[in-house]
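> Sequence first, predicted coordinates after that:
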Amino acid sequence: MDPHAVRDAREPRRRKRSGVFGADQQSGDCADAEGPEPKLPFLHRGSLAATAARFQRALCYRARMKVDLTPASSAQRPHEAVFRLADAQRRLTETLLRVGELPSAALPRVEETLRAIDALEAALTPAACSDAVPRLAAEPRDQRPYYVNRVMTPDHHPLRPELTISHADGVTRGRVRFGVTFEGPPGCVHGGFVSHFFDQILGQHNLWAGIPAMTASLTVRYRRGTPILRELAFEVTHTLAAAAEGAEGAPRKVTTRSALIADGVTFSEAEGLFVVPKSAAWAP
């Protein structure tokens, strides 16, 4: 796929008002496995609904063709220094949240670090973009990049927990450790972070399974307080909804499930209903 390609404005389109995005979407089989891959365009600022629809069609195509589901721009990793900086930021945040009383000997270093942070922010601000709609391709360079890794929080995000995740034989498995940064009730992960994490791993599993679906509902059961500073295992599976009698094509709904477990104890579990947009024809 040419990341610099732009859809020809003269290309005929058929539109209808429907779909998960609640906005105009192109109808028809937009992800034909026999045809060319839908292009990820230069995104026009302010066209969020159209951007989402076209991005969904590209993901749909990639799922059917069993190719890398990473969006074009997320494959353009930030400079290695950004990853080191994000890691340092996570470690510093974790340390700060565990300090009861700031040692007087550390005060000069704190002031020095604050000055360095202010200087770094001032140096980075001219290059920071504030667009609500990100670019998915390499251009235009003055538009905010899209760094979400498939549906997971990227490695250089300061709120990414310690995580390993992989997919094999139709099942997604991994381990996660939430630090003090994610604490809600004493000693426990905040329920909002738990829900956020489940939504990510369930969606990631669906993409790996070749199902480009969007979250319709997510139910999280908090059986016990999900502990911080403890390695938790998870396994993600899905079940396709039966197609309605007389319906043509593959079912559009999938139920995906997972749980956070340690030493045989289930702390929280989730079940999500995901729907493939009507414009994203697909085949399992």
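That came through fine. Numbering: from 1, shown residues only.

> contacts and neighbour counts: CA atoms only from here.
OK.

> Ser268 belongs to a strand?
Yes - looking at Ser268 with DSSP: H, G, I helix; E, B strand; the rest coil, it is inside a strand.

> So what pairs up with it in the strands?
Note on Ser268: beta-bridge partners Tyr222, Leu260, judged by DSSP bridges.

> Give me the below-cutoff pLDDT ranges for this structure.
Low-confidence segments of the chain, defined by pLDDT under 70: 1-76, 149-150, 242-250, 279-284.

> again, only this time at 50
1-49, 51, 61-75, 244-246, 280-284 (pLDDT under 50).

> can you pull out the helices in the stretch 51-200 of the chain?
80-96, 107-124, 191-208 (DSSP state H, counting those that start in this stretch).

> in the shortest one, what's buried?
Applying a neighbour-count criterion of 16 or more other CA atoms under 10 Å, the buried positions in helix 80-96 are Phe83, Ala86, Asp87, Gln89, Arg90, Thr93.

> out of those residues, which one sits closest to Ala233?
Arg90 (21.6 Å; CA to CA).

> residues contacting that closest one?
Pro158, Leu159 (CA atoms under 8 Å, 6 or more residues apart in numbering).

> Go again with 10 Å.
Shown here is Arg90, whose contacts under the criterion CA atoms under 10 Å, 6 or more residues apart in numbering are Arg84, Leu96, His156, His157, Pro158, Leu159, Arg160, Pro161, Gly179, Thr181.

> Please convert the buried members of those into PyMOL selection syntax.
PyMOL command restricting the contacts of Arg90 to the buried ones, with burial defined by 16+ other CA under 10 Å:
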select buried, resi 156+157+158+159+160+161+179+181
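
> would CSV of the contacts of Arg90 with distance to Asp263 be doable?
Below are these laid out as CSV (distance: CA to CA, whole Å):
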residue, distance to Asp263
Arg84, 33
Leu96, 30
His156, 30
His157, 29
Pro158, 28
Leu159, 26
Arg160, 23
Pro161, 20
Gly179, 19
Thr181, 23
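
> what's the closest of the helices of the stretch 51-200 of the chain to Thr255?
With CA to CA as the yardstick, what comes closest out of these is helix 191-208 (9.3 Å).

> still on that earlier bit, pick out the most distant pair among the contacts of Arg90.
Pairwise over the contacts of Arg90, using CA to CA, the maximum falls at Leu96 and His156, 19.2 Å.

> which one of the contacts of Arg90 sits closest to Arg77?
His156 (9.4 Å).

> What about Ala209, how many residues nearby?
21 (other CA atoms under 10 Å).

> what does Ala213 give?
23.

> excluding its backbone neighbours, what's nearest it?
Leaving out its chain neighbours, the residue that sits closest to Ala213 by CA to CA, 6 or more residues apart in numbering is Val276, at 4.1 Å.

> The one you found reaches Val254, doesn't it?
Yes - if you go by CA atoms under 10 Å, Val276 and Val254 touch, sitting 8.4 Å apart.
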